[in-house]
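# this is a predicted model, with the sequence first.
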Amino acid sequence: MNDTFTESPLPPPPPISAAVPAAPAPQRSTKGHWIAIIVLLLLLGVSVVLNLGLAVASLVGMAAVSVSDSDASHLHFSEEVLRGSGRKKVVKLELYGVITFQGESSVFFQQESLATRMLNEIEAARQDENVIAILVVVDSPGGGVTASDVIYNALLRFRESNAKRKVVVLMRDVAASGGYYISAAADKIVAHRTTITGSIGVLISSANFKGLGDKLGVKDVTIKSGKNKDILNPLRDVTVEETNLLQQVVNDMYERFVSIVARGRAIEMAKVRKLADGRIYTAPQALELQLIDQIGYEEDAIKLVKELTAEKKFRLIRYKKTRSLVELFGANAGASLRLPLPERWQARWPAVQYLWQPEL
């Protein structure tokens, strides 16, 4: 018997292929999916918070409706002392921008209109027996006829509430048209050397797109009860009759403006009409025409307050108001498209205005 072990030969190695083996398929990253999910969750959270805020604001608003007007909760302000000391107060009010009752809205809050804020602050000053005067700082091209007239009347009401109470106006860059209308309620007017004022007059302004509509094939379709019902329709020409009707409205408002200036500045009506052709004036020109009393700075205006009130010691204060939930969440949650047109063309309707707005 042969015990010799014979090793079996190994099988030959497989032939080496010239082709490179295919790489494994790359795994798709899930990082983008997680980022998208996180963003969506954040947006959902913000939406929930906003909706809760709106719900609370609605409840607060409903409760506020039941509060009587005598509560005057909208007149509660905190006071910021700017200078001085003592029990007596002089309130500094800032009339900056276009005078209107239309407040600006954003996604997060409703901004109180300039006219509403001014009226509330004037009334708060009127109700405070320690307020001896109001210093109105004006930097405005004017605005709505009614808004200007209501603020003017509120300042007169403050003055008439106590014979010792005074109003002094300090004009900054611009105090034109409605800005000057309101200034006419003051006992004294101080303007900076570089102030532009005047523009005493009225306008009704609207854009007309008839020519553009004709080129684009856009036609007006208006069903009306009378021939003048769609006056200033932007898709048709204005008739001579319509122009005359609007001119009568402007003339009536103009006469009101002239009488306000004549009464406030103690100038004859005929003289006011001559200078009230809508033109603007520099401070030296306005001083010569008796439209202002003095050229100076805030220190000069405060000195006038001391002379008029015979009070040497007082606090110059400014009102501050904290936003309520209704103001924070009561705005329209949406953005509007604003074309690069003059402000008066972007109004929701044509308005009669005491406004100086020369830009195109």
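Looks like it came in fine. Numbers count the residues shown, from 1 in each chain.
# three-state assignment of Lys92?
strand (DSSP: H, G, I helix; E, B strand; the rest coil).
# what are the bridge partners for it, then?
Counting by DSSP bridges, Lys92 is bridged to Leu135.
# who are the contact partners of it?
Lys92 makes contact with Leu82, Ile134, Leu135, Val137, Leu316, Ile317, Arg318, according to C-beta atoms under 8 Å, 6 or more residues apart in numbering. The way it works is simple: take the backbone N, C-alpha and C, and place the C-beta from them, glycine included.
# nearest to Glu242, of those residues?
The closest of the contacts of Lys92 to Glu242 turns out to be Val137 (C-beta to C-beta; 40.0 Å).
# a strand runs through that closest one, doesn't it?
Yes - Val137 forms part of a strand when assessed by three-state DSSP.
# mind listing what it touches?
Listed by C-beta under 8 Å, 6+ apart, the contact set of Val137 reads Lys92, Leu93, Glu94, Leu95, Tyr96, Val169, Leu170, Arg172, Glu298.
# pLDDT value on Lys227, please?
Listed pLDDT for Lys227 reads 90.
# now Ala207
Confidence at Ala207, expressed as pLDDT, is 84.
# isn't it right up against Asn233?
No - in this structure, Ala207 is not within contact of Asn233 by C-beta atoms under 8 Å, at 11.3 Å.
# who's more crowded, those two?
Neighbours per residue, other C-beta atoms under 10 Å: of Ala207 and Asn233, the larger number sits with Asn233, 17 against 14.
# contact partners for that one?
Asp220, Thr222.
# do the same with Val145
Residues counted as contacts of Val145 (C-beta under 8 Å, 6+ apart) are Gly178, Val202, Met253, Ala351, Val352, Gln353, Tyr354.
# now, these that are in helices?
Gly178, Met253 (DSSP state H).
# please name whichever of the contacts of Val145 scores lowest on pLDDT.
For the contacts of Val145, the pLDDT minimum is Ala351, 71.
# surely that one is in contact with Gly144?
Yes - between Ala351 and Gly144 there is a contact under C-beta under 8 Å: 6.2 Å.
# and which of the contacts of Val145 is nearest to Met118?
So of those, ranked by how close each gets to Met118 (C-beta to C-beta), first place is Gly178, at 11.8 Å.
# any idea how many residues pack against that closest one?
Counted by other C-beta under 10 Å, the residues lying close to Gly178 total 31.
# also the one 10 residues further on?
Around Lys188 there are 18 other residues, counting by other C-beta under 10 Å.
# on that earlier part again, between Ala351 and Gly144, who's got more neighbours?
In this view Ala351 and Gly144 are compared by other C-beta under 10 Å, and Gly144 has more residues nearby, 23 against 18.
# list the contacts of that one.
By C-beta under 8 Å, 6+ apart, the residues touching Gly144 are Ile99, Thr100, Phe101, Ala115, Gly178, Ala351, Val352, Gln353, Tyr354, Leu355.
# just grab the bridge partners of it for me.
Counting by DSSP bridges, Gly144 is bridged to Gln353.
# okay, helices next: where are they in the protein?
31-65, 114-127, 145-160, 178-183, 210-216, 240-265, 269-275, 283-288, 298-309, 325-329.
# could you say which of those is packed most deeply?
helix 178-183 (a mean of 30; mean count of other C-beta atoms under 10 Å).
# before we move on, the earlier item: please pick the buried ones from the contacts of Gly144.
Among those, those buried by neighbour count (16 or more other C-beta atoms under 10 Å) are Ile99, Thr100, Ala115, Gly178, Ala351, Val352, Gln353, Tyr354, Leu355.
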